[in-house]
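Enquirer: need coordinates for the below:
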Amino acid sequence: MTSLFGSNGQYVPVTVIQAGPCTVTQIKTRANDGYDALQLGFGEKKKSRVGKPLQGHFEKSGGDCFYVVKEFSVDNPEEYQLGQKVTLDMFAVGEKIHVAGNNKGRGFAGVTKRHGFSLGRKTHGGHCYRIPGSIGQCAWPAKVFKGKKMPGRYGNVRQTMQNLEVVDVRADQNLILVKGAVPGPVNATVEINKAKAKK
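Expert: Residues are numbered from 1 along each chain as shown. Here you go, the predicted structure:
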């Protein structure tokens, strides 16, 4: 993340995302596959580090191998060709987008960090400083309800930030600047989708 000043002098926090160029590695059509979609590859990878089945798959689109392969639904797949580069030309300043990815993993965490529970008292014989305390019932229903807020794995789950504004598009550097924060740590892989216009 960084920040910049807008045209009106407003201070705007932004996230810099390297978006592309992505290569069309497969075109799926309703006639052949039952749905319309594009398979895009991002992040070039050495051919020697890719298995032979994937090497054969990538050969159809030019031979370049990729770390990330992802499908995106499109309305008109016939407008694209194998090996075509998808760039940032489709995005415009001021447009709304959705950014999805896995948020930061924080490991096994207690209820204070994971759910924001209040701390217990330290004095007068208090023994429940960071522990959750009682979680169940006595006689009925004599069980812990499913979904109870308890310690466990915190983070590393898919999260989507919706309706983020595109502040700047730098096509020559393959960079898109988005207002606000996006899921994941630095150098994480995220998915960008256009926000559908409201009817």
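
Enquirer: sketch out the low-pLDDT regions of the chain for me.
Expert: When residues are selected by pLDDT under 70, those of the chain lie in 197-199.

Enquirer: max-length helix in it?
Expert: Secondary structure of the chain per DSSP state H: the longest helix is helix 52-59.

Enquirer: what residues does that one touch?
Expert: Among residues not part of helix 52-59, those counted as contacts by C-beta atoms under 8 Å, 6 or more residues apart in numbering are 25-26, 41, 47, 50, 64-66. From N, CA and C alone the C-beta is placed, and that goes for glycine too.

Enquirer: got the contact list for the residue nearest to residue 163 when sequence neighbours are not counted?
Expert: For residue 163, ignoring the flanking residues on the chain, the nearest one in space by C-beta to C-beta, 6 or more residues apart in numbering is residue 96 at 4.8 Å. Under the criterion of C-beta under 8 Å, 6+ apart, the neighbours of residue 96 are 163-166, 194-195.

Enquirer: ok, back up a step: using PDB, write down the CA coordinates of the helix or strand following the longest helix of the chain.
Expert: Once the chain leaves helix 52-59, the next helix or strand it forms, by DSSP states H and E, is strand 65-73. The C-alpha trace of strand 65-73 is given here as PDB (Å, rounded to 0.1, in the frame of the first residue of the first chain):
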ATOM      1  CA  CYS A  65       4.400 -21.600 -18.700                       C
ATOM      2  CA  PHE A  66       2.800 -19.800 -15.800                       C
ATOM      3  CA  TYR A  67       2.600 -20.000 -12.000                       C
ATOM      4  CA  VAL A  68      -1.100 -19.000 -11.800                       C
ATOM      5  CA  VAL A  69      -3.800 -20.300 -14.100                       C
ATOM      6  CA  LYS A  70      -7.400 -19.100 -13.500                       C
ATOM      7  CA  GLU A  71     -10.700 -19.100 -15.300                       C
ATOM      8  CA  PHE A  72     -12.900 -16.000 -15.800                       C
ATOM      9  CA  SER A  73     -16.400 -16.100 -17.300                       C
END
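
Enquirer: what lines up beside strand 65-73 in the sheet?
Expert: Using DSSP bridges, strand 65-73 pairs in its sheet with strand 37-45 (antiparallel).

Enquirer: give me the angle between the partner strand and helix 52-59.
Expert: For strand 37-45 and helix 52-59, the angle between their directions (axes from the mean of the first three to the mean of the last three C-alpha atoms, to 10 degrees) works out to 110 degrees.

Enquirer: beta partners of the residue nearest to residue 163?
Expert: Beta-bridge pairing of residue 96, defined through DSSP bridges, involves residue 165.

Enquirer: measure it to residue 20 for me?
Expert: Note on residue 96: its distance to residue 20, by C-beta to C-beta, to the nearest Å, is 19 Å.

Enquirer: please apply the same query to residue 196.
Expert: Spatial separation of residue 196 from residue 20 under the definition C-beta to C-beta is 21 Å.

Enquirer: more neighbours: which of the two?
Expert: Set side by side, residue 196 and residue 20 give different neighbour counts by other C-beta atoms under 10 Å, the larger being at residue 20 (19 against 8).
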